[in-house]
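Chemist: Mind looking at a prediction? Sequence and model below.
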Amino acid sequence: MSGTPRMADAISAGSGSDTPLSAQNTPKLGRKTIFSSEPRSPIRTTRMNSRDNLRSPAKRRDSQKNLTPPTPRKAKVNNFMKDEKQPTSENEYCEYEELPKLPLPPLGDTLAQYLDNVKPVVSEATFNQTKQIVEKFGAKDGVGEKVMMLLEEKREKMDNWAYDYWLNDMYLNQRLPLPVNSNPGMVFPRKKFNNVTQMLSFSARLVVGFLKYKIRLDKHALAQDKAASREPGQPMCMAQYFRILTTYRQPGKEQDRQVSRGTDAKDEEHIVVGRKGYWYSIPVKTSGKWAATEDIFASLMDVWENAENSDITKDNERVAFLTSCARNTWADAYNELAKHKGNEANLKTIADSLLIICLDEETQNPSDTQRSMKDMFRQMLTGNGSRFNGSNRWYDKTVQLVVTLDGVCGLCYEHSSSEGIAVVQLLEGVLKDLEAKGTLPIAYHAASVKFNKMEWVLDENAKNNIETAIMDVDKLDANNDLEVFHFFNYGKDFIKSCRCSPDAWLQMSLQLTMFKMNGNIVPTYESASTRRFRLGRVDSIRASHPEALAWCKSMVSDKNKEDRRKLFEYAMKKQTKVMVDNILGNGLDVPLLGLREGIKEAGLWDHQDLFTHESYAKVNTFTLSTSQVPIGLSPSFMGYGAVVPDGYGVSYNPYPDSFIFCICSFHSCGKTDSRRFAAVLQESLKEMKLLFIK
């Protein structure tokens, strides 16, 4: 697998009053290790159903086939701050139903899917070679069957047989810098702040919204998500929601690791605030009591004043730049920093925080009030480089909330702990609640102020490392060719009137765009949630199948409208099947990854050609890395960079009557051009509409 996994199922959020409820007498979870470093499921209360008690692999496979395929809609999710949406009272402990284990599809099914995806993207000669290799791999008593035995045993023993393989391959083993390459950025609808007090009032209430979410998690009072269709009420895995505010990605040589504080309620909690190169911690829970909104506001006010009145931090003393480095480089610098006890304490304070508030500097003078969507997007991804807010991110932390005096606000988040849509929907609920009261006055109480300013001890080597990091993040920022494209001709409502899936439609539009630009379709990643299974994250919906290629060819040929529409219907049917297979746990990429890693564990690498052949590299080079990120705020969007040097990262937010696309590529590649991609995509979308109008 290659590239960064993208968004999956959602959890919606709302908000109530400003001050969090008391968390005293919080019931503790009976099982706290639901994190990726030791993957377990949250508390389970019912026994596994019979299909997972079957010990026979053949019987298990048969039972998996009997699962009713769900339609590819997002889950029916609870609104954790609005009581009327909850089946239980706000403080009531919620029991989670047992989930089945992630399936391990039959070897033949995985190999057939593999060939289906290889065929459209390689030459006929290469495909014929690949067929021979696949036949040998899947032969009776061959390498494939031997590895499947290992994976079957792993599935029998583990909550999720693929979880560690997937997490390491997608995230922890990746050595590229986190900004652009991994961490997405989200832009909120722009706010209007008349002064610093209003901005910090909004910031305080934003923090409180997250604290309410944490209180519900501490009480295990967040109801379990349920599937909304096909098998309505089918429970979903909740593990990643417990990681959002408790997990930190620590850099490591060759492999990062996730550090977790666990899911038990703590007596002490804090947040971290970044401003002008300085970093501060603010307590938000002391001796078991959560801070009031006015306490958090007062502390933010004094933090702001402290940063404004402090000497300007020299660039080579802004430690946060190091978090933007390649992971091996940051790991070395991290270990050097941690040799000093004060630095080590600072690093732990940041890792243990619930979230980070990035109080950014304005990127334009106050009279120049217009900001383009792509400029706001760039601010979330990289802080607009070292000239502006590049040192005001700590990329290892899951939640980094960005607030700027000019009203530009958003999120930069580290992706490995959870799918982005969980964070997105949480923010959506909080922001909707703040629409009417976000900037209302809050009283300042000097006696309530509590914060600690972090001081760093830096030797010349550390300062040199920071200077190198500055140059590298500026190069990355300058190389990121990004566009935000808002298409107004129609939206998802029109697509639904065509009796089509909006997501499948948009995936086909991207394939048509690439075909027009390159003369062929390309390997494409789109995340598909596997949360119907224990510790489920995502697999990849691949849109570059033979049916998509046939339809794309027809759209640039002299075929008539009826033939084009018929081929389009075939492509859409195939795309929907691929979606359903993935949601059901019978995708391609996770099982294929399991086979690859299983071969290594079994010591059989030298006895196979499947994973060393050029076709495997080709089909796993995701020239298009895509995801649907539905956000119920307008205008709002989330995006990320391309995952290969000559590719595109494309996310989209479908509205009833429009779409917002975030498109990223790299200026250093002469074959890509994000602005041209947006223009061709607009043409493709218009041409697709013509297939369904008279």
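Modeler: Now that the structure is in, tell me what you want to look at. Quantities reported herein were computed from a predicted structural model and do not represent experimental measurements.
Chemist: Hmm, residue 594 is touching residue 165, no?
Modeler: Yes. Contact criterion CB atoms under 8 Å: residue 594 and residue 165 qualify, at 5.9 Å. C-beta coordinates here come from the backbone N, C-alpha and C atoms, glycine included.
Chemist: higher neighbour count, those two?
Modeler: residue 594 (24 against 21; other CB atoms under 10 Å).
Chemist: Least confident secondary structure element in this structure?
Modeler: Ranking every helix and strand in the chain by mean pLDDT, DSSP states H and E puts helix 50-53 at the bottom, with a mean of 32.
Chemist: pretty sure residue 280 is in a strand, no?
Modeler: Yes. Assessed with DSSP: H, G, I helix; E, B strand; the rest coil, residue 280 lies in a strand.
Chemist: who's in contact with it?
Modeler: 272, 273, 274, 303, 306, 307, 451, 452, 453, 454 (CB atoms under 8 Å, 6 or more residues apart in numbering).
Chemist: same thing but 7 Å
Modeler: Neighbouring residues of residue 280 by CB atoms under 7 Å, 6 or more residues apart in numbering: 272, 273, 303, 451, 452, 453, 454.
Chemist: Restricted to helices, list those.
Modeler: Within the contacts of residue 280, residues falling in helices by DSSP state H are residue 303.
Chemist: Mark which of the contacts of residue 280 are buried, thanks.
Modeler: Among the contacts of residue 280, those classed as buried by 16 or more other CB atoms under 10 Å are 272, 273, 303, 451, 452, 454.
Chemist: ok, the last one touching residue 279?
Modeler: Yes. In this structure, residue 454 sits in contact with residue 279. The criterion is CB atoms under 7 Å, and the distance is 4.5 Å.
Chemist: Name the SS class of residue 412, please.
Modeler: Classification of residue 412 by three-state DSSP places it in strand.
Chemist: Run through the residues that contact the residue lying closest to it once chain neighbours are set aside.
Modeler: Leaving out its chain neighbours, the residue that sits closest to residue 412 by CB to CB, 6 or more residues apart in numbering is residue 400, at 4.4 Å. By CB under 7 Å, 6+ apart, residue 400 lies in contact with 356, 358, 393, 394, 411, 412, 413.
Chemist: mind checking how far residue 400 is from residue 263?
Modeler: Between residue 400 and residue 263 the distance is 22 Å, computed by CB to CB, to the nearest Å.
Chemist: gap between stretch 256-265 and the chain center?
Modeler: From the chain centre to the centre of stretch 256-265 is a distance of 18 Å (CA atoms, centre = their mean, to the nearest Å).
Chemist: Please put the alpha-carbon coordinates of it into PDB.
Modeler: What follows is stretch 256-265 as a C-alpha-only set of coordinates in PDB (Å, rounded to 0.1, in the frame of the first residue of the first chain):
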ATOM      1  CA  ASP A 256       7.400   6.300  14.700                       C
ATOM      2  CA  ARG A 257       5.300   5.100  17.700                       C
ATOM      3  CA  GLN A 258       2.000   6.200  19.100                       C
ATOM      4  CA  VAL A 259       2.200   7.300  22.700                       C
ATOM      5  CA  SER A 260      -1.100   7.200  24.600                       C
ATOM      6  CA  ARG A 261      -2.300   8.400  28.000                       C
ATOM      7  CA  GLY A 262      -5.000   5.700  28.100                       C
ATOM      8  CA  THR A 263      -8.700   6.100  28.300                       C
ATOM      9  CA  ASP A 264      -9.200   6.300  32.100                       C
ATOM     10  CA  ALA A 265     -10.300   9.700  33.400                       C
END
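Chemist: can you pull the buried residues of that stretch?
Modeler: 256, 258, 259, 260, 261, 262, 263, 265.
Chemist: for residue 581, helix, strand, or coil?
Modeler: helix.
Chemist: so who does it touch?
Modeler: By CB under 7 Å, 6+ apart, residue 581 lies in contact with residue 587.
Chemist: For it, give me the pLDDT.
Modeler: If you check residue 581, the pLDDT there is 92.
Chemist: so where is this protein shaky, pLDDT-wise?
Modeler: 1-90, 229-231 (pLDDT under 70).
Chemist: Can you pull up the most central residue in it?
Modeler: Using CA atoms, centre = their mean, the residue of the chain that lies closest to the mean C-alpha position is residue 420, 3.5 Å off.
Chemist: just the CA coordinates of stretch 234-241, formatted as PDB?
Modeler: Provided in PDB are the C-alpha atoms of stretch 234-241 (Å, rounded to 0.1, in the frame of the first residue of the first chain):
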ATOM      1  CA  GLN A 234     -25.500  -2.600  13.100                       C
ATOM      2  CA  PRO A 235     -22.900  -1.300  15.700                       C
ATOM      3  CA  MET A 236     -19.700   0.400  14.600                       C
ATOM      4  CA  CYS A 237     -16.300   0.400  16.200                       C
ATOM      5  CA  MET A 238     -15.700   3.400  18.500                       C
ATOM      6  CA  ALA A 239     -12.000   2.800  19.300                       C
ATOM      7  CA  GLN A 240     -10.600   5.700  17.300                       C
ATOM      8  CA  TYR A 241     -12.800   8.300  19.100                       C
END
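Chemist: Among the buried residues of stretch 256-265, which one lies nearest to residue 119?
Modeler: Set against residue 119, the nearest of the buried residues of stretch 256-265 by CB to CB is residue 256 (35.6 Å).
Chemist: What residue, apart from its backbone neighbours, is nearest that closest one spatially?
Modeler: Closest to residue 256 by CB to CB, 6+ apart is residue 172, at 4.5 Å.
Chemist: Could you pull up the residues touching that neighbour?
Modeler: 255, 256, 257, 416.
Chemist: what about 10 Å?
Modeler: Residue 172 is in contact with 36-37, 164, 249-250, 252, 254-258, 327, 416, counting by CB atoms under 10 Å, 6 or more residues apart in numbering.
Chemist: How about residue 639?
Modeler: Listed by CB under 10 Å, 6+ apart, the contact set of residue 639 reads 184-187, 374, 377, 380-381, 482-484, 627, 629, 649-653, 660-664.
Chemist: what residues do residue 454 and residue 279 have in common as contacts?
Modeler: 272, 319, 346, 349, 350.
Chemist: Can you redo those residues as a markdown table, where the extra columns are secondary structure?
Modeler: Shown next, in a markdown table, are those (three-state DSSP):
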| residue | secondary structure |
| --- | --- |
| 272 | strand |
| 319 | helix |
| 346 | helix |
| 349 | helix |
| 350 | helix |
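Chemist: Out of the residues you listed, give me the one that has the most neighbours.
Modeler: For the shared contacts of residue 454 and residue 279, neighbours tallied by other CB under 10 Å; top is residue 319, 26 neighbours.
Chemist: got a list of what that one touches?
Modeler: With CB under 10 Å, 6+ apart, residue 319 has these contacts: 277, 279, 313, 333, 337, 343, 346-347, 350, 391, 394, 454, 456, 458, 462-463, 465-466, 469.
Chemist: Identify those among the contacts of residue 639 that sit within helices.
Modeler: Those of the contacts of residue 639 lying in helices (DSSP H): 374, 377, 380, 381.
Chemist: ok, so what distance separates the first one from residue 381?
Modeler: Taken as CB to CB, the spacing of residue 374 relative to residue 381 amounts to 10 Å.
Chemist: Ok, residue 589 next?
Modeler: From residue 589 to residue 381 the distance is 25 Å (CB to CB).
Chemist: if we can go back for a sec, what's the closest of the contacts of residue 172 to residue 368?
Modeler: Among these, and counting by CB to CB, the member closest to residue 368 is residue 249, at 36.1 Å.
Chemist: what number of residues lie near the closest one?
Modeler: 25.
Chemist: so it touches residue 416, yeah?
Modeler: Yes. Applying CB atoms under 10 Å, one finds residue 249 in contact with residue 416, separated by 5.5 Å.
Chemist: Overlap of the contact sets of those two?
Modeler: 171, 172, 178, 182, 183, 256, 258, 396, 398.
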